[in-house]
Each structure stands twice: as structure tokens, then as C-alpha cells.
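S.K.: here are the coordinates; sequence isn't available:
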Ligand SMILES: CC(C)(COP(=O)(O)OP(=O)(O)OC[C@H]1O[C@@H](n2cnc3c(N)ncnc32)[C@H](O)[C@@H]1O)[C@@H](O)C(=O)NCCC(=O)NCCS
Ligand SMILES: Nc1ncnc2c1ncn2[C@@H]1O[C@H](COP(=O)(O)OP(=O)(O)OP(=O)(O)O)[C@@H](O)[C@H]1O
């Protein structure tokens with residue numbers, strides 16, 4: 001089986017590109033979605049997170065307060081490493097199950113934001129990197145999330161650099177331009193990936 005990974009920095013457009021690939025027929029396994037599922041209300045994952053970070057990261061309705069936890073972990077490397085140590089093994093296990101369950105012959109693409117940081121890129125023959133300049137990343141991140149420039153910068157700094165990601169890419173999707181340009185590139189990429 002061809003194992004395909006898709007990565008990119010925060011707010012680079014991974015979800016947008018993954019949705020386009022899904023519309024073309026790919027089976028998408030999204031680590032960000034799984035990382036939410038494994039800490040859903042009532043899960044052992046959430047209990048472990050609360051065990052480490054306390055009730056301050058719980059909302060009144062028992063759901064994880066993602067904004068509160070984000071404020072903590074993106075300002076503190078040790079706290080982020082602890083969160084990663086709880087969440088990442090649960091995400092990897094679930095991703096492996098979903099990969100196993102994919103239909104015969106499917107083109108399965110795993111979206112892994114921390115592909116470079118975790119070394120997981122070594123397990124994939126094909127690595128798609130969604131690429132934008134840092135300024136574009138910051139602009140789009142601040143437009144989407146209510147973050148100051150410093151907070152947005154801290155999130156970028158918690159990740160590998162643009163060059164480190166490009167160094168492991170087998171395919172690059174430039175998402176700095178308008179969505180339609182990216183759509184065209186993704187259609188071309190899909191033809192490359194599915195060429196017999
Ligand atoms: C800190 C949390 C609660 C913030 O939640 P929030 O809803 O604001 O963000 P979301 O989960 O949608 O993540 C958005 C993006 O942030 C970046 N990011 C998330 N976690 C991390 C991390 N531990 N290190 C570096 N970047 C990260 C990624 O680019 C990701 O795509 C959440 O990101 C989390 O639980 N992170 C730990 C799990 C993780 O590493 N997830 C990413 C890949 S599995
Ligand atoms: N080509 C584009 N032009 C303008 N805005 C875009 C473009 N692509 C994505 N965006 C916007 O930028 C933001 C980030 O895109 P998206 O959520 O797809 O990125 P992501 O890499 O999945 O983010 P994260 O790392 O936070 O999960 C979104 O608000 C999206 O609507």
C-alpha cells in the first residue's frame with residue numbers, strides 16, 4: 001500500500017487541501033479530528049489531560065476547554081510535551097485502526113500536522129506539504145482565531161520551520177494564492193498520485 005501523508009504549518013491550509021482531495025476520491029484520516037475525539041467528554045484521554053492540567057481546562061459542560069489548554073501549552077514547552085505524550089499515542093492507535101479499515105485500493109491520506117516534529121514522515125513514501133510563507137500563516141491564523149500577534153507567533157514557533165517541512169516533501173502544494181489556484185494544483189497532484 002502507498003502510504004501518503006499530508007502536512008503543513010498551522011493555518012497553512014491542510015484542511016482545505018484535504019477536503020479537495022477527499023472530493024476527488026481520497027480517504028482522509030485527519031489527526032486534528034482524531035486528537036479531538038480522543039479527549040471527548042467522558043474519555044480516558046480527557047481524564048488524563050485533566051489529571052495533568054487540572055479542572056481549569058474543563059468547561060462547565062464537561063467538555064475540554066480548548067482555548068484554555070491552548071493558552072497553557074503554547075506558552076510552555078514542558079506542558080506541551082506532556083500534552084503530546086498523552087494525546088499522540090491515542091491518535092496514532094486510532095489512525096492505524098482507520099488505515100486498516102480502509103477499502104482495498106483506496107488512496108488513503110493521513111493529515112499529520114506534526115509529521116516532521118515527531119519523525120513520523122519516515123514511515124511514508126509520499127509526503128505532501130502545504131506551503132505558505134510565514135506572514136501568510138500568521139495573517140490567516142489571526143483572522144481565524146482570536147489571538148494576538150505574539151500568541152500566533154508562539155504557535156508557529158512550537159512547530160518545525162517551513163524549510164524543515166519542505167526538506168521532507170515529495171510533493172508541494174503552494175497555498176499562498178487564491179483558493180482556485182490551489183484547487184487546480186490539487187487536481188494536478190491527484191492525477192500524479194493516481195497515475196498507474
Ligand atoms: C492545544 C489544543 C487543545 C488547542 O486546540 P485548538 O482547537 O485551538 O486547535 P486544533 O486542535 O484545531 O489545532 C490547530 C493546529 O494547532 C497546531 N498544534 C496543535 N497541537 C500542537 C502541538 N502540540 N504542537 C505544535 N502545534 C500544535 C497544529 O498545526 C494544528 O493543526 C489542541 O491543539 C491539542 O489538543 N493539541 C495536542 C494534540 C496535538 O498535537 N494535535 C495536533 C496533531 S495530532
Ligand atoms: N488559499 C487561501 N486563500 C485565503 N484563505 C485561505 C486559503 N486557504 C485557506 N485559507 C483560510 O486560512 C485558514 C486556515 O486554513 P485551514 O483551516 O485549511 O488550515 P489548516 O492548516 O488545516 O489549519 P490548522 O493547522 O490550524 O488546523 C482558514 O480560515 C481558511 O479558510
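M.R.: Thanks, I have it. What you are looking at is a predicted structure, and each value in this text was computed from that prediction instead of being measured. Ligands and ions are numbered 1, 2, ... in the order given.

S.K.: what's the local residue count around residue 44?
M.R.: 11 (other Cβ atoms under 10 Å). All C-beta atoms are positioned from the backbone trio N, CA, C, and that covers glycine.

S.K.: for the strand or helix carrying residue 190, name the packing helices and strands.
M.R.: In the assignment (DSSP states H and E), residue 190 maps to helix 179-194. Counting contacts by 3 or more Cβ pairs under 8 Å, 6 or more residues apart in numbering; DSSP states H and E, helix 179-194 is packed against helix 14-24, strand 171-174.

S.K.: residue boundaries of the strands in the protein?
M.R.: 4-8, 27-30, 108-111, 126-131, 171-174 (DSSP state E).

S.K.: any chance of those strands in a markdown table, plus mean pLDDT and distance to residue 165?
M.R.: Shown next, in a markdown table, are those (pLDDT from 0 to 100; distance: least, Cβ to Cβ, whole Å):
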| stretch | mean pLDDT | distance to residue 165 |
| --- | --- | --- |
| strand 4-8 | 98 | 6 |
| strand 27-30 | 97 | 18 |
| strand 108-111 | 98 | 14 |
| strand 126-131 | 98 | 5 |
| strand 171-174 | 98 | 9 |
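
S.K.: of all those strands, which one is nearest ligand 2?
M.R.: Taking Cβ to the nearest ligand atom, strand 4-8 is the member of these nearest to ligand 2, at 5.2 Å.

S.K.: contacting residues around the closest one?
M.R.: Residues from elsewhere that reach strand 4-8 (Cβ atoms under 8 Å, 6 or more residues apart in numbering): 14, 17-18, 21, 107-116, 120-121, 124-132, 165, 175, 193.

S.K.: which among those end up buried?
M.R.: Buried members of the contacts of strand 4-8, scored by 16 or more other Cβ atoms under 10 Å, are 14, 17-18, 21, 107-116, 120-121, 124, 126-132, 165, 175, 193.

S.K.: pretty sure residue 194 contacts residue 105?
M.R.: No - if you go by Cβ atoms under 8 Å, residue 194 and residue 105 don't touch, sitting 10.6 Å apart.

S.K.: those two - which one has more neighbours?
M.R.: Applying other Cβ under 10 Å to residue 194 and residue 105 shows that residue 194 carries more neighbours, namely 12 against 6.
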